[in-house]
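K.L.:
Pasting a predicted model and its sequence here:
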Amino acid sequence: MPWDRDQMAARAAEELEDGMYVNLGIGIPTLVANYVGDKDITLQSENGMLGMGPFPFEGEEDPDLINAGKQTITELSRTAYFDSAMSFGMIRGGKIAAAILGAMEVAENGDLANWMIPGKLVKGMGGAMDLVAGVKRVIVVMDHQNKAGESKVLKECTLPLTGKGVVDRIITNLGVLDVVEGGLRIVECADGVTEDELRAATQATIV
Amino acid sequence: MNKIYGSAAEALEGVLSDGMLIAAGGFGLCGIPELLLQAIKDNGAKDLTFASNNAGVDDFGIGILLQSRQVKKMISSYVGENAEFMRQYLSGELELEFNPQGTLAERMRAGGAGIPGFYTKTGVGTQIAEGKEVKQFGGEDYILEEGIFADLSIVKAWKADDTGNLVFRKTARNFNPPAAMCGKVCIVEVEEIVPRGSLDPDHIHLPGIYVHRIIQGEHEKRIEKVTTRQREEA
């Protein structure tokens, strides 16, 4: 059985270490916060906050307090607020230890595409290009294949790039892969997935 | 010198004109200068270019100026919440320049700090880098991005004193300080104007040197995505 969304999020949470400042993207990456356990992790929201708390209880929403996905959230005792220029200053300046992001395609050289499909509605890159360029370690969490069953882990990205050579590790429903010299290296397979199955589902070079 | 004006319309008098580049604060619908945007709609100024992270929703924020066809161009990082925006863009009525969010914030900050250009790693090797100067520092590629020098800044703060010293609230700060800094004239709308001396000088987020006109008013402060969690059973 491949991993489900929660199992992928739980596996991604294993990447986080005590004391880290981390930025989580929208979708499965957001679920990672549910699996950090006792680790002392500070979540950054790029609209200007460190120390992001959980969603508020009904009736306690504050219009002045949202995350980068525009959802209402809460603050913690450690929270700090700042403006967008400082927020991306800490991102571009390499102060954020890790970013966990979704993706449309990842290539064996670490290229990442997750912001636009030519000919389709383009919403914008938001902060994704800044994050992948500036954050120390970029971890992608996504399904291994698209709905048509085609690999999203490619020799080369076909979609416009978000960043060039920026991805360090890929966590999919089938397993974990690292971007290394010459291609991707299998770190582990999901429970019940064989290495052969993982290779067969991957277009990229596995070394 | 008096910086306090009676209404958003009065504050725009003599500074708003057709074809301007306006820097606007806000992230999504959080911390947007909603009263000034409404007043710009009522004023009717057209062919405006907005440097603003987002474009509002169809009936709130910059969206109301899209409906009235007053916007010629947007410089934004994400515009996904606005159907009318997409319609005008796809039909060629509206120009759009995508900027990575941090690049947009830094372009505003730089403009306000008198820095006409800066190099950044963001966007290297992507469409964003096309046509831009590439320079190597320490063996790595960086692209040249230009500071934004706006004709007018419109921002929202929580409190101002009568000299224009500003305090923002929580994540409603976002793009407001950099947007305020980069305009020739900056108009701020606040929830409360307080007497000078009542804000702690050590707790001012943006000093009044950046602020030329101030208005106070009631804000709707619409929430884009109300998201809550279940209360645990007692």
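P.N.:
Right, received. Where do you want to start?

K.L.:
following the worst-scoring helix or strand of chain A on mean pLDDT, which helix or strand comes up?
P.N.:
Comparing helices and strands within chain A by mean pLDDT, DSSP states H and E singles out helix A:28-31 as the least confident, with a mean of 92. Scanning forward in sequence from helix A:28-31 by DSSP states H and E, the next helix or strand is strand A:42-45.

K.L.:
Now do that following strand: which elements does it pack against?
P.N.:
Packing partners of strand A:42-45 (3 or more CB pairs under 8 Å, 6 or more residues apart in numbering or on different chains; DSSP states H and E): strand A:21-24, strand A:49-52, helix A:84-92. Heads up, the C-betas are built off the backbone N, CA and C, glycines and all.

K.L.:
okay if I get these as JSON lines plus distance to chain B and mean pLDDT?
P.N.:
What follows is those, written out as JSON lines (distance: least, CB to the nearest CB, whole Å; pLDDT from 0 to 100):
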{"stretch": "strand A:21-24", "distance to chain B": "12", "mean pLDDT": "97"}
{"stretch": "strand A:49-52", "distance to chain B": "5", "mean pLDDT": "97"}
{"stretch": "helix A:84-92", "distance to chain B": "3", "mean pLDDT": "98"}
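
K.L.:
tally of neighbours for residue 149?
P.N.:
Defaulting to chain A. 8 (other CB atoms under 10 Å in any protein chain shown).

K.L.:
wrong one, I was asking about chain B
P.N.:
If we define neighbours as other CB under 10 Å, then residue B:149 has 17 of them.

K.L.:
Equivalent analysis for residue B:204, please.
P.N.:
Neighbour number of residue B:204 under other CB under 10 Å is 17.

K.L.:
can you pull the contacts of residue 33?
P.N.:
Picking chain A for this. Contacts of residue A:33 were listed using CB atoms under 8 Å, 6 or more residues apart in numbering or on different chains, and they are A:24, A:43, A:52, A:54.

K.L.:
I was thinking of chain B, sorry if that wasn't clear
P.N.:
Applying CB under 8 Å, 6+ apart, one finds that residue B:33 lies in contact with B:24-26, B:154-156, B:187-189.

K.L.:
before we move on, what about residue A:181?
P.N.:
residue A:207.

K.L.:
returning to that earlier point: quick one: which two of the contacts of residue B:33 are the most distant?
P.N.:
B:26 and B:187 (13.9 Å; CB to CB).

K.L.:
The helix or strand bottoming out on mean pLDDT in chain B packs against which elements?
P.N.:
Every helix and strand of chain B was ranked by mean pLDDT, DSSP H and E. The lowest is helix B:83-90, at a mean of 87. In terms of contacts (3+ CB pairs under 8 Å, 6+ apart), helix B:83-90 is packed against helix B:63-67.

K.L.:
what is the mean pLDDT for the helix it packs on?
P.N.:
Mean pLDDT, computed over helix B:63-67, is 96.

K.L.:
Parallel or antiparallel, list what pairs with the helix or strand just after that helix.
P.N.:
Using DSSP H and E, the helix or strand that follows helix B:63-67 in sequence is strand B:71-76. Here strand B:71-76 is paired, per DSSP bridges, with strand B:48-51 (parallel), strand B:95-98 (parallel).

K.L.:
Looking at the ones you listed, which one is packed in the most?
P.N.:
strand B:48-51 (a mean of 23; mean count of other CB atoms under 10 Å in any protein chain shown).

K.L.:
any idea how far residue A:125 is from chain B?
P.N.:
Distance of residue A:125 to chain B, computed by CB to the nearest CB, to the nearest Å: 6 Å.

K.L.:
related to what we said a few turns ago, just the CA atoms of the least confident helix or strand of chain B, as CSV, please.
P.N.:
Below are the C-alpha coordinates for helix B:83-90, written out as CSV (Å, rounded to 0.1, in the frame of the first residue of the first chain):
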residue,chain,number,x,y,z
ALA,B,83,-12.6,35.8,-11.5
GLU,B,84,-13.1,39.2,-13.1
PHE,B,85,-9.3,39.8,-13.0
MET,B,86,-8.8,36.5,-15.0
ARG,B,87,-11.5,37.4,-17.5
GLN,B,88,-10.0,40.9,-18.2
TYR,B,89,-6.5,39.4,-18.3
LEU,B,90,-7.3,36.6,-20.7
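
K.L.:
mind listing what's buried in it?
P.N.:
Residues of helix B:83-90 classed as buried: B:84-86, B:88-89 (neighbour count, 16 or more other CB atoms under 10 Å in any protein chain shown).

K.L.:
Tell me which of the strands paired with strand B:71-76 lies nearest to residue A:146.
P.N.:
So among the strands paired with strand B:71-76, strand B:95-98 is nearest, using CB to CB, at 24.2 Å.

K.L.:
Which SSE is immediately downstream of that closest one?
P.N.:
Assignment by DSSP H and E places the next element after strand B:95-98 at helix B:101-112.

K.L.:
what are the ranges of the helices in chain B?
P.N.:
B:8-12, B:34-43, B:63-67, B:83-90, B:101-112, B:176-181 (DSSP state H).

K.L.:
sorry, that was for chain A
P.N.:
A:5-13, A:28-31, A:84-92, A:128-134, A:195-200.

K.L.:
Now do residue A:112 against chain B, distance only.
P.N.:
Separation of residue A:112 from chain B (CB to the nearest CB) stands at 10 Å.

K.L.:
Model confidence score at that residue, please.
P.N.:
So residue A:112 comes in at 98 (pLDDT).

K.L.:
beta partners of it?
P.N.:
Here residue A:112, judged by DSSP bridges, has bridge partners residue A:106, residue A:163.

K.L.:
what's the burial count for residue 82?
P.N.:
The chain I'm using is chain A. Counted by other CB under 10 Å, the residues lying close to residue A:82 total 19.

K.L.:
Correction: the question concerned chain B.
P.N.:
24.

K.L.:
next one: residue A:99
P.N.:
27.

K.L.:
Next up, the contacts around it.
P.N.:
Going by CB under 8 Å, 6+ apart, the list of residues near residue A:99 reads A:22-25, A:131-132, A:135, A:137-139.
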